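Asker: fold the following.
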Amino acid sequence: MKKTRLPETVFDYRNVKQRLLADDDFIKLIVDTYILHFPNQLKSLQDAFYKSDAPLVKRHAHTIKGASANAGALILQHHCAAIESLAENGDLVAIKPILEQLPKYFSSFQCEYQTKLT
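Answerer: Okay, the predicted model is just below:
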């Protein structure tokens, strides 16, 4: 798998604002919805992983990747893209260390979001 650099920003407010052409209230709605749903999406991804269901892992990673992009959660988007690619190649062993880091990155995202928009 091609190695890519990690994003330096956990929450890319500027990109979200530009892409959505939105004011802060709409961005807050998008990000708050993302934060609300992320724990269940992560659990679904984890469950698929522990069932060794690579196609389902890929699908859940893809879903989280897209939601993360919409919310400006760059590191989560990056890692879910990696999980999606690994699952597509059937490399579940390499997914575990990435999957274990997602809660930490989600927490960092929440903290940065709280600092910038609330």
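Asker: quick one: the helices in the protein?
Answerer: 13-20, 24-50, 54-71, 74-88, 92-117 (DSSP state H).
Asker: how close does the residue lying farthest from the centre of the chain get to Ala67?
Answerer: In the chain, the greatest distance from the average C-alpha position (Cα atoms, centre = their mean) is reached by Asp23, at 22.4 Å. Remark: distance between Asp23 and Ala67 (Cβ to Cβ, to the nearest Å) = 20 Å. (Each C-beta comes from the backbone N, C-alpha and C, glycine too.)
Asker: Asp53 now?
Answerer: Counting by Cβ to Cβ, the gap from Asp53 to Ala67 is 20 Å.
Asker: and these two? Which one has more around it.
Answerer: The neighbour comparison of Asp53 against Ala67 (other Cβ atoms under 10 Å) goes to Ala67, with 19 against 15.
Asker: how about Gln41, nearest residue that isn't a chain neighbour?
Answerer: Excluding the flanking residues, the one nearest Gln41 by Cβ to Cβ, 6 or more residues apart in numbering is Ile64, at 5.1 Å.
Asker: wait, doesn't that neighbour sit right on Phe38?
Answerer: Yes: taking Cβ atoms under 8 Å as the definition, Ile64 is a contact partner of Phe38 at 7.3 Å.
Asker: those two: who's more crowded?
Answerer: Between Ile64 and Phe38, counting by other Cβ under 10 Å, Ile64 is the more crowded of the two (27 against 21).
Asker: before we move on, the earlier item: which of the helices of the chain sits most buried?
Answerer: helix 74-88 (a mean of 21; mean count of other Cβ atoms under 10 Å).
Asker: and the angle for it with helix 24-50?
Answerer: With axes from the mean of the first three to the mean of the last three Cα atoms, to 10 degrees applied, the angle from helix 74-88 to helix 24-50 works out at 30 degrees.
Asker: next, the angle helix 54-71 makes with helix 74-88.
Answerer: Going by the same axes, to 10 degrees, helix 74-88 makes 160 degrees with helix 54-71.
Asker: any idea which residue sits dead centre in the chain?
Answerer: Leu76 (3.2 Å).
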